[in-house]
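Asks: got a structure for you, letters missing:
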């Protein structure tokens, strides 16, 4: 080997002028200290961004662990009131209520949805009677009440859109009468937002808000939720004839535009993390209050990975929620709500 050749690294050191390359612009300067990183932070997560979904069961002082969702329980109505108190203490502004209807009360036509004494309505009245400063959001759809597990009425293997919408209107009014503040139709029937808005207004509930599940995809990430509400064993077939194809984005804009035209106050994308592009497009297009649902499958994946030591639970949880804010979401439905609210309180 010739002794006249300089080592490769030395030749680089002699010719490299990083400052000239960067022309004085060093991005790392702003990242050097914690105070500086906080000073330039573009997006922040607060408890004001959180909606906490809870699951309801019959009984008194009853709680049941949802096996596929570590840390999540089904609660009887009295314990749902205590959950609402906890939410207020943590600064969480809204609870979303989802019932696990007893099997003997489920039917082909989902008649229990129209029972003023069903689980959702009982929980609404109990929490309202506790006079707590918290908003209550309710799911309008028939799947928790039907024996076939679908969101609408069926004739053979077909979901009947218009008859379903009529029943959803009655369901929405019953929930409003029981104390719902936000009606959230998750059924994905055509025209249901306009029909529900008209029905609520005609019944004297002009001030009840509607959060539309505008872009709800036929997703593989709903499995643990169906376990939680008791529909995993009852669903016949799938929901692809009314929920959206995961391949489509322009369709989401069309759905959201229709919902806003029909009177939706807020729109939602479900699931969340696999559809950050949809959240961003809807927010940029319509500048309307836009929400993301971090669904049960997303929650379960983070929990399972952290339990196996593959992820840091709290860091992954916070990073996933911040991703929604970065994409443009104004708020997030998440089962992590109480855990993240505690973290945010402790970090003040």
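Replies: In hand now; what should we look at? Keep in mind that what you see is a predicted model, and the values were worked out from it rather than measured.
Asks: Helices of the stretch 51-200 of the chain, start to end?
Replies: In the stretch 51-200 of the chain, the segments counted as helices under DSSP state H, counting those that start in this stretch are 77-90, 119-129, 161-178, 192-202.
Asks: for the residue positioned nearest the centre of the chain, phi and psi?
Replies: Centroid-nearest residue in the chain: residue 293, 1.9 Å away (criterion: C-alpha atoms, centre = their mean). Phi and psi for residue 293, reported as degrees, to the nearest 10, are phi -110, psi 110.
Asks: would TSV of the helices of the stretch 51-200 of the chain with mean neighbour count and mean pLDDT be doable?
Replies: All C-beta spots, glycine's among them, are computed from the backbone N, C-alpha and C. Listed next are the helices of the stretch 51-200 of the chain as TSV, based on neighbours: other C-beta atoms under 10 Å; pLDDT from 0 to 100:
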stretch	mean neighbour count	mean pLDDT
helix 77-90	18	98
helix 119-129	21	98
helix 161-178	21	98
helix 192-202	20	98
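Asks: Excluding residues flanking it in the chain, which one is nearest residue 316?
Replies: Nearest residue to residue 316, sequence neighbours excluded (C-beta to C-beta, 6 or more residues apart in numbering): residue 302, at 5.1 Å.
Asks: Can you get me a residue count around that neighbour?
Replies: 22 (other C-beta atoms under 10 Å).
Asks: Likewise for residue 40?
Replies: Other residues close to residue 40 by other C-beta under 10 Å number 8.
Asks: same question, the one 3 residues further on
Replies: With neighbours defined by other C-beta under 10 Å, the count for residue 43 comes to 12.
Asks: Start at 38, not 1
Replies: Fine by me, first position is 38 from now on; the one you just mentioned is residue 80.
Asks: wait, what's in contact with it?
Replies: By C-beta atoms under 8 Å, 6 or more residues apart in numbering, the contact set of residue 80 is 359, 362-363.
Asks: ok, the residue nearest to residue 302 when sequence neighbours are not counted to residue 321 distance?
Replies: Among residues not flanking residue 302 along the chain, residue 246 sits closest, at 4.5 Å (C-beta to C-beta, 6+ apart). To residue 321, residue 246 is 23 Å away according to C-beta to C-beta, to the nearest Å.
Asks: who's more crowded, those two?
Replies: residue 246 (17 against 12).
Asks: What backbone torsions are found at that one?
Replies: phi -80, psi 160.
Asks: what pairs with it across the strands?
Replies: residue 219 (DSSP bridges).
Asks: Surely it is in contact with residue 218?
Replies: Yes. The pair residue 246 / residue 218 is scored as a contact, 6.6 Å apart, by C-beta atoms under 8 Å.
Asks: Mutual contacts of the two, please.
Replies: Joint contacts of residue 246 and residue 218 (C-beta under 8 Å, 6+ apart) do not exist.
Asks: from the middle of its chain, how far away would stretch 318-331 be?
Replies: Remark: stretch 318-331 is offset 12 Å from the chain centroid, using C-alpha atoms, centre = their mean, to the nearest Å.
Asks: Now do it: everything it contacts.
Replies: 88, 248, 250-252, 286, 289-290, 293-294, 297, 301-310, 312, 316, 357-358, 361, 364-373.
Asks: Among those, name the ones in strands.
Replies: Using DSSP state E, the members of the contacts of stretch 318-331 that fall in strands are 88, 248, 250-252, 303-307, 368-371.
Asks: So what's the residue count around residue 256?
Replies: Using other C-beta under 10 Å as the criterion, the residues surrounding residue 256 number 18.
Asks: again, but for residue 70
Replies: Residues near residue 70, counting by other C-beta under 10 Å: 10.
Asks: Return the residues in contact with it.
Replies: Contacts of residue 70 by C-beta under 8 Å, 6+ apart: none found.
Asks: Setting the sequence-adjacent residues aside, check what's closest to residue 195.
Replies: residue 278 (7.8 Å).
Asks: Does that neighbour touch residue 198 like I think?
Replies: No. Contact criterion C-beta under 8 Å: residue 278 and residue 198 do not qualify, at 9.9 Å.
Asks: Which members of the ones in strands among the contacts of stretch 318-331 are the farthest-apart pair?
Replies: Farthest-apart pair in the ones in strands among the contacts of stretch 318-331 is 251 and 371; separation 18.3 Å (C-beta to C-beta).
Asks: Compare those two (neighbour count), which wins?
Replies: When residue 251 and residue 371 are compared for neighbours, residue 251 comes out ahead with 30 against 25, by other C-beta under 10 Å.
Asks: Just the pLDDT for residue 45.
Replies: If you check residue 45, the pLDDT there is 53.
Asks: my bad, should have said residue 60
Replies: 80.
Asks: what about it, how many residues close to it?
Replies: For residue 60, using other C-beta under 10 Å, the count is 7.
Asks: which ones are touching it?
Replies: Contacts of residue 60 by C-beta under 8 Å, 6+ apart: none found.
Asks: ok, it to residue 227 distance?
Replies: 56 Å.
Asks: lowest-confidence helix or strand of the protein?
Replies: helix 45-52 (a mean of 62; mean pLDDT, DSSP states H and E).
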